[in-house]
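Can you look at this prediction? I've put the sequence above it.
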Amino acid sequence: MLKSFNKLSDLLNQPASQERALTTMRAARTVLADDPVIRAAKATLDAIDPAEDAIAAVADLDWEDVVRSVVLGNLRAMGDEPLYAPPLSVLDDSSFKGFVLLDHPAMLVSVIACDPTEFVLKKRNPAQELRSLAFSATDSYLRFIKAGGLTISRWSCPLFTDETVASDAIRCTRTSEQLLADGDVVRLAGGTQTMVFERCDSGFVMLQLIHRRPRSPVVPEFEAVEGRLIACSAADQKSSRIQMLSTLTRLLGAEGMDETYEALSRHADHFVRWHVMREWLARSPGRAKQRLAEMARDDRNANVRRTADMTLRLFFKPQEEEA
C-alpha cells in the first residue's frame, strides 16, 4: 500500500527519465558558467588588485538578468523533468531562502528571498527576540530587487585588530533606521558595521555580495540592549575549526598531541595561538611550559605576551620557589 503513495519509486525505475534529468542538469551548469555576467565577474575578480574595491568592481553588473534566467530556466526544467534538481548551492536560514549565483575565492554572490509570514512569526516569538548582534569581518553589499516595505536598523562598533584588548567596555551603537525602496543598496564595512531586519510589509528579494577578504581577525558579538561586548569568534573558518578541534582533543583525552599543539601554538592568528596553548596547558602543563615561556618572551602580539607571562608566573613560579 505504501508503494502506491511513493511516486518517486516509479520514477527511479525509469532509466530514460534519469538520463534526461542528468543531461538537463549538466546543461544548466554550463548555461550558468557561460552566462556573460558570471564570466565577466570571474574575469574581473581574477585580475583585481587586492587593494581595489572588489565589490564596486562587480556590483553594477546585470545580476538581475542572471537571477531571471536562472530562476525561469530551473523552474521550467523542474516542470519538464520530475527527477531534475537545480545544480545550485541552496541557502536556507529560517525565513531566508536563496541560492548562490557565483562562488569565487574572492566573492560570494547570492540571491535571497524572505518569506514574510515566517519573518513576522520569528519577530513575534519571544525565543527569537534580538539579544545580540554579530559584526561580520567581511564587507558586504545588498541590492534590494524587491524591498517589500522593509525597514532596517544600522549599527556600528570599533574595528578589532590583532592589538585590540577585548573588554566589556567596548560597545556597539545603533546609528540609524532606514525604510528601503526597490533598487536601494546597502553597503556594510566589515568588522565595523552591521544591520538588523526590523519589519516588512511583504516579502523582499535581495542580491547579496560578500567580499571574502576579512578586515578583522574576529567576529565580535554584542549584547543588543546596552551594546556591551559579550563574545568574539574567529573570522576565518579554518581558525575556528582549529580552536574547536583542539578543545575536542583535550576533552577526549587524546594522547601524543604535543607536537601538534606546539605547531598550532605558532598559528598566524594570535587568538588561535593562545587558545591552543590553553588546551595544551590543561592537557600537559609540564610539556607546554617551555613553549609558554617563549610566548611570554617573544610572541608578536602584546596581549598574548602579557597573558602568557601572567599564566607562567601564576602556575609555575610558586612550584619553582618551593623546590
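Everything's here; your move. Numbering: from 1, shown residues only.

so the residue nearest the centre of the chain is in which element?
The chain has Ser136 as the residue nearest its centroid, 7.3 Å off, counting by C-alpha atoms, centre = their mean. Assigned by DSSP states H and E, Ser136 belongs to neither a helix nor a strand.

Isn't it up against Thr194?
Yes. At 6.7 Å, Ser136 counts as touching Thr194 under the criterion of C-beta atoms under 8 Å. Backbone N, C-alpha and C define where each C-beta goes, glycine included.

So for those two, which residues contact both of them?
Leu188 (C-beta atoms under 8 Å, 6 or more residues apart in numbering).

how deep is Pro105 tucked in, by neighbour count?
9 (other C-beta atoms under 10 Å).

so it sits right up against Arg213, yeah?
No. Taking contacts as C-beta under 8 Å, Pro105 lies outside contact range of Arg213: 9.7 Å.

Could you name every residue contacting both of those two?
Counting by C-beta under 8 Å, 6+ apart, nothing touches both Pro105 and Arg213.

how about the strands in this structure?
Along the chain, counting by DSSP state E, strands occupy 90-93, 96-104, 107-114, 132-134, 140-146, 151-156, 173-179, 185-188, 193-199, 204-211, 218-223, 229-234.

Touching the shortest one from outside, list them.
Strand 132-134 is contacted from outside by 155, 172, 194, 196, 219-224, 230-231, 233, using C-beta under 8 Å, 6+ apart.

Kindly report the same for the fifth one.
Counting contacts by C-beta under 8 Å, 6+ apart, the residues outside strand 140-146 that touch it are 55, 59, 63-64, 67, 111, 150, 180-188, 190, 203-211.

rerun at 7 Å
Residues outside strand 140-146 that contact it (C-beta atoms under 7 Å, 6 or more residues apart in numbering) are 55, 59, 64, 150, 180, 182-188, 204-210.

still on that earlier bit, got a list of what the residue nearest to the centre of the chain touches?
By C-beta under 7 Å, 6+ apart, the contact list for Ser136 reads Gly190, Thr194, Val219.

Look at it and report its pLDDT.
In this model, Ser136 is scored at 95, pLDDT.

which phi and psi does it have?
With angles defined as degrees, to the nearest 10, Ser136 sits at phi -60, psi 140.

Tabulate the strands of the chain (CSV), appending distance to Glu279 and mean neighbour count.
What follows is the strands of the chain, written out as CSV (distance: least, C-beta to C-beta, whole Å; neighbours: other C-beta atoms under 10 Å):
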stretch, distance to Glu279, mean neighbour count
strand 90-93, 31, 11
strand 96-104, 33, 18
strand 107-114, 31, 21
strand 132-134, 24, 15
strand 140-146, 33, 19
strand 151-156, 33, 18
strand 173-179, 35, 12
strand 185-188, 34, 16
strand 193-199, 30, 17
strand 204-211, 31, 21
strand 218-223, 18, 22
strand 229-234, 15, 17
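
of all the ones you listed, which lies closest to Leu245?
Closest to Leu245 of those is strand 229-234 (C-beta to C-beta; 12.3 Å).

and the closest one, C-alpha only, in PDB?
Presented in PDB, the C-alpha positions along strand 229-234 are these (Å, rounded to 0.1, in the frame of the first residue of the first chain):
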ATOM      1  CA  LEU A 229      30.900  43.200  24.000                       C
ATOM      2  CA  ILE A 230      30.000  39.600  25.100                       C
ATOM      3  CA  ALA A 231      32.000  37.300  22.800                       C
ATOM      4  CA  CYS A 232      34.400  37.100  19.800                       C
ATOM      5  CA  SER A 233      34.800  34.200  17.300                       C
ATOM      6  CA  ALA A 234      37.300  33.600  14.600                       C
END
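
Before I go, just wanted to say thanks for your time.
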